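Asks: Below is the sequence, then the predicted model.
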2 protein chains.
Amino acid sequence: MLADDHALVRDVLRKYIEERPGLRIVAEASEGRELVEAVQTHRPDVAIVDLWMPGLSGADAARQITQSGSSTRVLILTMHEDLVHVRDALRAGAAGYVVKTAPARQLLDAIEAVSRGNFYVSPSVSHHLVQSVRAEDGAGSTLLSVLTPREREVMQLIAEGLSAKEIATKLGVSIKTAEAHRARLMAKLGVRKASLLVRIAIREGLVES
Amino acid sequence: MLADDHALVRDVLRKYIEERPGLRIVAEASEGRELVEAVQTHRPDVAIVDLWMPGLSGADAARQITQSGSSTRVLILTMHEDLVHVRDALRAGAAGYVVKTAPARQLLDAIEAVSRGNFYVSPSVSHHLVQSVRAEDGAGSTLLSVLTPREREVMQLIAEGLSAKEIATKLGVSIKTAEAHRARLMAKLGVRKASLLVRIAIREGLVES
DNA sequence: AAGCGACTAGGGGTTTCTACCGATCCCCGA
DNA sequence: TCGGGGATCGGTAGAAACCCCTAGTCGCTT
């Protein structure tokens, strides 16, 4: 299945993928939560997921999918080449990571690889990945790592300009819960205004500027 | 011809477009200057250009192409739905503007339109365009120019996380005045939440992320 | 002189945010 | 088994944001 908030991209990707014998798109999603639901109902072999999606980031979506015990393999397709995103995605359980600067052929290779149970990372980023693993000694964590997945989710929605009520509706919880998440994550980040969260979210790559 | 820094996107777009009889991709570019050169050597009817390109932005490239007297029509294809980018692109001489959230079919419509000498803008953004023209007074270039100096000042302070009261104190005016400025600039920008102002301010370079 | 736009200021209203307090449920690790 | 933390809700209440209105002064243009 395909998950990307850009319908146009989904359309052309679907055409491209379905040209291949043996590959078929069984579902699409334009948004994180939609993706998680679709995975449960359609049970695709592979989910091609854009890292940047409104509401729920691709990495958090990947986390939910893999932790739900689903057999669906998550293949991240994104424009972000920096290893922060790569590491987040892989740590969240993604089986593949393909950057959009790569030739399209690579996407097919990646689909092939992850559907067989292997892992695939675009050569251009795997190079950085090796260096980062080598340079690391355990400490490596972003500011956002102190947040729970749910809090990151809420933070992303706040940064997108949604109110507590809108977040509650989107997540299917009560307003008080959304407010509780917001209050906790703001306390953790030492911030007293939602508008400052936006800047942090942009700086951390949680949303686009 | 196609210009996008993501090879994968170019690949699938080319496949999609070349499926149509009568459409053929004669050249590709992954970067702004490459695009400008390729237009001069290949003289395509239409250049599909991503707004986001290293080196030379799509809008600047469009400006160079149209001002060089070339007959090539520039069709912007981008993820940016905000009118800032739309206005920049159109002012730079682009004949079309299609957002990636639109269905792929729309790209073909746009190619058809601009190759006939017409203009095409995705319905979802043309809506904003009308509002902006209404709020505008003619001279304006960037988004910030529709704002008065005082409004820009207030906007910057909002983006830095100050409340209306703090802004009032800093500027030496009453809270009501600060609120009035804020309300007017938000109306001009078509924004209903201060948190969204932060993103615009960062994007426009008014504050740092 | 008249009109317009920017800047200033205020009244009065609803909604949302922010910060407290409390609670239950469930999962996971010690 | 017992704790702890995460997620879920509820109440209260002040602060701030947001909305709609009027209105004065100033400077510039028509």
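Replies: Thanks, I have the structure now. Numbering: from 1, shown residues only, chains lettered A, B, ... in the order given.
Asks: which residues touch residue A:28?
Replies: A:1, A:2, A:3, A:10, A:14, A:38 (CB atoms under 8 Å, 6 or more residues apart in numbering or on different chains). For glycine as for every other residue, the C-beta is placed from the backbone atoms N, C-alpha and C.
Asks: how close does it get to residue B:11?
Replies: Separation of residue A:28 from residue B:11 (CB to CB, to the nearest Å) stands at 20 Å.
Asks: what do you get for residue A:78?
Replies: 16 Å.
Asks: can you check residue A:115 too?
Replies: From residue A:115 to residue B:11 the distance is 20 Å (CB to CB).
Asks: Could you check which of these two is surrounded by more residues?
Replies: Per other CB atoms under 10 Å in any protein chain shown, whichever of residue A:115 and residue B:11 has more neighbours is residue B:11, with 22 against 18.
Asks: out of the contacts of residue A:28, who has the most neighbours?
Replies: The contacts of residue A:28, ranked by neighbours (other CB under 10 Å): first place residue A:3, 26 neighbours.
Asks: Please verify my assumption that that one contacts residue A:65.
Replies: No: contact status for residue A:3 versus residue A:65: not in contact, 10.1 Å apart, counting by CB atoms under 8 Å.
Asks: which residues do the two both contact?
Replies: Joint contacts of residue A:3 and residue A:65 (CB under 8 Å, 6+ apart) are A:35, A:47.
Asks: follow-up on the earlier one: how about the contacts of residue A:28 in TSV, adding pLDDT, secondary structure and distance to DNA strand C?
Replies: Listed next are those as TSV, based on pLDDT from 0 to 100; DSSP: H, G, I helix; E, B strand; the rest coil; distance: CB to the nearest atom of the strand, whole Å:
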residue	pLDDT	secondary structure	distance to DNA strand C
A:1	95	coil	26
A:2	95	strand	30
A:3	94	strand	25
A:10	94	helix	31
A:14	94	helix	35
A:38	90	helix	23
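Asks: Show me what secondary structure element comes after the helix or strand bottoming out on mean pLDDT in chain A.
Replies: Ranking every helix and strand in chain A by mean pLDDT, DSSP states H and E puts helix A:123-135 at the bottom, with a mean of 57. Following helix A:123-135 in sequence order, the next helix or strand is helix A:149-159 (DSSP states H and E).
Asks: buried set for stretch A:33-48?
Replies: A:33, A:34, A:35, A:36, A:38, A:39, A:44, A:46, A:47, A:48 (16 or more other CB atoms under 10 Å in any protein chain shown).
Asks: Check what contacts it and list those residues.
Replies: Contacts of stretch A:33-48 (CB under 8 Å, 6+ apart): A:1-4, A:13, A:26-29, A:49, A:53, A:55-56, A:61, A:64-65, A:68, A:70-75, A:77, A:107, A:111, A:114-115, A:170-171.
Asks: Quick one: end-to-end distance for stretch A:46-57.
Replies: End-to-end distance for stretch A:46-57: 17 Å, by CA to CA, to the nearest Å.
Asks: Spit out the contact partners of residue A:198.
Replies: Counted by CB under 8 Å, 6+ apart, residue A:198 has contacts A:158, A:159, A:161, A:207, B:195, B:196, B:198, B:199.
Asks: That one: what secondary structure?
Replies: helix (DSSP: H, G, I helix; E, B strand; the rest coil).
Asks: among the contacts of stretch A:33-48, which are within reach of DNA strand D?
Replies: Restricting the contacts of stretch A:33-48 to those touching DNA strand D (CB under 7 Å from any atom of the strand) yields residue A:171.
Asks: Pull out the buried residues from the contacts of stretch A:33-48.
Replies: For the contacts of stretch A:33-48, buried by 16+ other CB under 10 Å: A:1-4, A:13, A:27-29, A:49, A:53, A:55-56, A:61, A:64-65, A:70, A:72-75, A:77, A:107, A:111, A:114-115, A:170-171.
Asks: Please flag which of these sit within strands.
Replies: A:2, A:3, A:28, A:29, A:49, A:73, A:74, A:75, A:77 (DSSP state E).
Asks: Looking at the residues you listed, which two lie furthest apart in space?
Replies: A:28 and A:73 (17.0 Å; CB to CB).
Asks: Quick check: closest non-adjacent residue to the spatially most central residue of chain A.
Replies: For chain A, residue A:58 is the residue whose C-alpha lies nearest the centre (CA atoms, centre = their mean; 1.0 Å). Nearest residue to residue A:58, sequence neighbours excluded (CB to CB, 6 or more residues apart in numbering or on different chains): residue A:51, at 3.9 Å.
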